[in-house]
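Student: no FASTA, just this:
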């Protein structure tokens, strides 16, 4: 978000964006992986898909899924059929619909940065 959003800009803004990322409390040694989703991931999958559907609809009015496609039972059966993968960091599924620590830090730093721009 921060470096990519400002990479095309020159001078002070690009430098400030790089500093913003540098201040994040992120441990690069954390273990990230992608794995096949299972039925146990249904709740996170439904939350992520619902969030994505809402975002796209707010963005341009597009309805991404037809009625019933995001219901838990259908998503569970599709996960069990091997149609989804999930990303994990330190064994926790990423994208469960709730902002994580790094997202919160990015947001806070962005707002601080924006206040002085």
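Tutor: Received, thanks. Fair warning: this is a prediction, and the values are worked out from it, not measured in the lab.

Student: what about this protein, any weak spots by pLDDT?
Tutor: For the chain, the stretches flagged by pLDDT under 70 are 1-31, 96-100, 102, 116-117.

Student: The top helix by length along it: which residues count as buried?
Tutor: In the chain, assigned by DSSP state H, the helix with the most residues is helix 42-60. Neighbour-count burial for helix 42-60 flags 42, 44-49, 53 (criterion: 16 or more other Cβ atoms under 10 Å). The C-beta positions use only the backbone N, C-alpha and C, and glycine is treated the same way.

Student: So what touches it?
Tutor: With contact meaning Cβ atoms under 8 Å, 6 or more residues apart in numbering, helix 42-60 is reached by 37, 62-65, 70-72, 75-76, 79, 84, 86, 93, 95-98.

Student: Filter the residues you listed down to the buried ones.
Tutor: Among the contacts of helix 42-60, those buried by neighbour count (16+ other Cβ under 10 Å) are 37, 70, 75-76, 79, 84, 86, 93, 95-96.

Student: Of the contacts of helix 42-60, which belong to strands?
Tutor: 86, 93 (DSSP state E).

Student: Can you spell out the domain ranges of the chain, please?
Tutor: The chain breaks down into these domains under automatic domain parsing: 1-28+100-117, 32-89.

Student: Tell me the backbone dihedrals of residue 91, please.
Tutor: Per-residue torsions, residue 91: phi 80, psi 0 (degrees, to the nearest 10).

Student: tell me, how many neighbours does it end up with?
Tutor: Look at residue 91: counted by other Cβ atoms under 10 Å, it has 7 neighbours.
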